[in-house]
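Enquirer: I'll drop the sequence and a predicted model, then ask my questions.
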Amino acid sequence: MAKLSKIHWRETIPTSRQIPSLQKNFFFMLRRFLRKVNEESKTNSSKILDYEKAMSLSRDIVNCRVRKIISIAATSASASEMIENMAAEEVELYEILNSIINEWKNGLIKMEDSQ
């Protein structure tokens with residue numbers, strides 16, 4: 001829980017547009033942790049608050065990172081440094097978004113040229 005709180009703090013720093021580094025298997029480990037805390041909460045009512053807090057922090061982390069990935073994918077600047085800081089699932093999302101955004105931009109330019 002302490003590690004999750006620290007990651008949450010790093011992600012939600014208001015001035016941070018950079019994407020903090022995460023382990024490549026972060027989301028796998030996060031899902032495993034959430035499953036464990038959820039199972040513990042079923043047998044120990046004092047763990048229910050821990051599970052709810054962990055879920056809240058996890059959602060905030062995911063939302064912050066998605067916003068940053070969308071921003072990175074939308075810029076034409078080199079994102080290689082940023083990609084190094086992403087988990088495997090995030091790299092896949094970035095590549096999909098970047099491709100969609102670039103196709104969309106190219107379509108707009110071609111449409112404007114032909115008019």
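Expert: Received, thanks.

Enquirer: Skipping adjacent residues, who's closest to residue 4 in space?
Expert: Closest residue to residue 4 apart from its sequence neighbours, by C-beta to C-beta, 6 or more residues apart in numbering: residue 57 at 5.2 Å. Glycine gets a C-beta too; all of them are placed from N, C-alpha and C.

Enquirer: For residue 82, see how far away that neighbour is.
Expert: Separation of residue 57 from residue 82 (C-beta to C-beta, to the nearest Å): 22 Å.

Enquirer: quick one on the thing from earlier: give the contact list for the residue nearest to residue 4.
Expert: 4, 5, 7, 8 (C-beta atoms under 8 Å, 6 or more residues apart in numbering).

Enquirer: The third one: what's it in contact with?
Expert: If I follow you right, that is residue 7. 20, 22, 57, 61.

Enquirer: Remind me which helix or strand it belongs to.
Expert: helix 2-11 (DSSP states H and E).

Enquirer: now that helix, how far from the chain's geometric center?
Expert: 13 Å (C-alpha atoms, centre = their mean, to the nearest Å).

Enquirer: which outside residues touch the helix or strand just after that helix?
Expert: Following helix 2-11 in sequence order, the next helix or strand is helix 26-43 (DSSP H and E). By C-beta under 8 Å, 6+ apart, the list of residues contacting helix 26-43 from outside reads 4, 23, 47, 48, 50, 51, 54, 55, 58, 87, 88, 89.

Enquirer: most neighbours, which of the residues you listed?
Expert: residue 54 (22 neighbours; other C-beta atoms under 10 Å).
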